[in-house]
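Student: Provide a 3D model corresponding to the input given below.
(one chain, ligands or ions: 1)
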Amino acid sequence: MKKRGIALLLALVLMLRILPVQAQAASALAAITFDDGPSKYTSGLLDELDKRDVKVTFFMQGCNAEKYPSVVKRAYEAGHQIASHTYNHPQLTKLSDKEIQNQLSTTDSILNNAIGTNNSYMLRPPYGSTNERVLPAIGRPAIIWSVDTLDWKSRNADAVYQHIVNDTKDGSIVLLHDLYATSVSGALRGIDTLLSQGYELVTVEELLRRRGSDAVSGKKYFSASGKTTLPGISQPAITPAETEDGYLVSLSADEGTAIYYTTDGTAPTSQSTLYTGPFRLEGGADVKAFAAYTLNGGRSRVSEATLELPRAEKPVITLTEDTAVMTSGGEIYYTLDGTVPTAAAARYSGPVPVTAGTFIQAIAVQPGCRDSQASSLLYSGLGNIFSDIRPTNWYYHAVDSVVFQGLMTAANQTFSPEGTVRRRDLVTVLYRQAGQPEPLDTYIFSDVTGSDSAYAAIMWAAEQNILSGFEDGTIRPDAAVTREQLAVILYRMRPEPPEVDPAALYSFEDWESIQDYARDAVAWTVSQGILSGVSDTLLSPDSTVTRAQLASIVLRCQAF
Ligand code: NI
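Tutor: Predicted coordinates for the structure are as follows:
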């Protein structure tokens, strides 16, 4: 006996430990309901429910719905369940069948008018009061409640909150009234707590559906606890198939649901298009859709798919004898004044005359495609042609000048301003600037042969002591040049060792990171204005030199 008693006690302890966890499981469902409204507080409540993406049920009095038709419509559009609480709150047991019909049909038509469609509305009998005569007479499910927050009595948000949090269980139908500010604020706090405990808050119709109930007319429902929990309504699947000029879009969702969708990026509502079969979209679109068994019930979360069209290919711009010729698979629109071309720009119909300094930009426009990205061609002030330089680039004039002088080149009209400068690139520029004297061929490096395009420049640079080889016999022509290395090379090129003022470095936070051998050189180039900081406070001595930086440094050196 004693042993069995202990075993029983142990089982009880285990159950107690397990039960609260079950109540907090993700499958816990509850329906929050608001009676007697709408009122001046209902709009604010809807705002807050939207933020939480929580759907509730409003049991409205016809006489109040009449005063706030736009609130009724808004609540419906947002996916809340609209239900009836009679026209003006009589105790139905005291009315004749005919008077009951009158209360219900009047309220139904007020709600239908506000919403704009005919719906069926569940009923909450005032005071929860029914009898065997009333129930068949109302001809619809009678929704009572299992949690009474007594909010109308306490008019105290804390008390409302405590009732919700302490009394709600899986399957509860919670009674509140949106007639009082205290009910609204207490309800919202309660909703937040229930959500944090893993509750899924749904409309009454959805609660009954999820619990496998058919919501029978004339039957009373206090709650919907139970073992059955059907899954929530699946989000629709959006399946686009590409066509020649856009997409053919199919939507699918749970059997028995209707799907409502938009294609303009707006949130779908019950007023949105009802899906009846695959639809065509010309061009791209933002498709959003939800599924619902009935519009005045629960609905799925919104699915979204952004359908983009391929971009048209960029036009090709070529310059011939001061005229620009453009080709593309579609229409071409262009500008010459630096503004971004759109389909409102000049349409290309034949060669366009251009003068030095013209910046041409063009896009291609093709049906079934997004407009292409812009191609651009700069016919520079010095007559160079660049596809990747704009007049607004800080290095434009330096690049234009060094290319004009033949010191740097723009292969295929492409200068690559952000490209890295290698040792071979740097000495080639310096060698050209020196007039390309014949080298003496006194050096041999293991990694440069006579067939190398930079061979003469590298030999010359080594002989001039501009570039040094390494102990392993290499000169590493493909190594990137750092900013401090560039400074050292420029410094070495001066005929006499110039005077150095190390103070020029002290305004840069990272001056101590300059390697010792390079410090005089960097100080000199900075003090001469040849090298400037990458910002007001940073010199970044070990970052590599870009082609745009080299062009502007070469130009500054020429000013000596
Ligand atoms: Ni009431």
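
Student: against L319, how distant is the spatially closest residue to Q485 that is not a sequence neighbour?
Tutor: Closest residue to Q485 apart from its sequence neighbours, by CB to CB, 6 or more residues apart in numbering: A518 at 7.2 Å. Every residue, glycine included, has its C-beta placed from N, CA and C. Separation of A518 from L319 (CB to CB, to the nearest Å): 43 Å.

Student: what is the burial count for the closest residue to the ion within the stretch 401-550 of the chain?
Tutor: Proximity of the stretch 401-550 of the chain to the ion (CB to the ion) peaks at S535, 68.9 Å away. The tally of other residues near S535 (other CB atoms under 10 Å) stands at 10.

Student: need the pLDDT of it.
Tutor: You'll see S535 listed with a pLDDT of 89.

Student: quick one: low-confidence parts of the chain?
Tutor: 1-26, 560 (pLDDT under 70).

Student: quick one: name the residues of it near the ion.
Tutor: D35, D36, P126 (CB under 5 Å from the ion).

Student: give me the neighbour count for Q515.
Tutor: For Q515, the count of nearby residues is 13 (other CB under 10 Å).

Student: need the phi and psi values for the nearest residue to it once chain neighbours are set aside.
Tutor: Ranked by CB to CB, 6+ apart and with sequence neighbours excluded, the top spatial neighbour of Q515 is E484, at 6.2 Å. When quoted as degrees, to the nearest 10, the phi and psi of E484 stand at phi -70, psi -30.

Student: so who does E484 touch?
Tutor: I514, Q515, A518, A521, V522, P541, D542 (CB atoms under 8 Å, 6 or more residues apart in numbering).

Student: out of the residues you listed, who's nearest S387?
Tutor: Among the contacts of E484, D542 lies closest to S387 (CB to CB), at 31.3 Å.

Student: pretty sure the closest one is in a strand, no?
Tutor: No: with DSSP: H, G, I helix; E, B strand; the rest coil as the criterion, D542 is assigned coil and is not in a strand.

Student: so it makes contact with T482?
Tutor: Yes: shown here, D542 and T482 form a contact pair, counting by CB atoms under 8 Å, at 5.1 Å.

Student: more neighbours: which of the two?
Tutor: Legend: neighbour count by other CB under 10 Å for D542 and T482, higher for T482 (18 against 14).

Student: could you check how far the more buried one is from V421?
Tutor: Between T482 and V421 the computed distance is 10 Å (CB to CB).

Student: look at G186 and say how many residues are nearby.
Tutor: With other CB under 10 Å as criterion, G186 counts 26.

Student: skipping its backbone neighbours, what lies nearest Q558 in space?
Tutor: Nearest to Q558 is Q433, by CB to CB, 6+ apart, at 8.0 Å.

Student: now the terminal residues of stretch 72-88, how far apart.
Tutor: 16 Å (CA to CA, to the nearest Å).

Student: what do you get for stretch 265-285?
Tutor: 8 Å.

Student: how about that stretch, which residues are buried there?
Tutor: By 16 or more other CB atoms under 10 Å, the buried positions in stretch 265-285 come out as P268, T269, S270, S272, Y275, L281, G284, A285.
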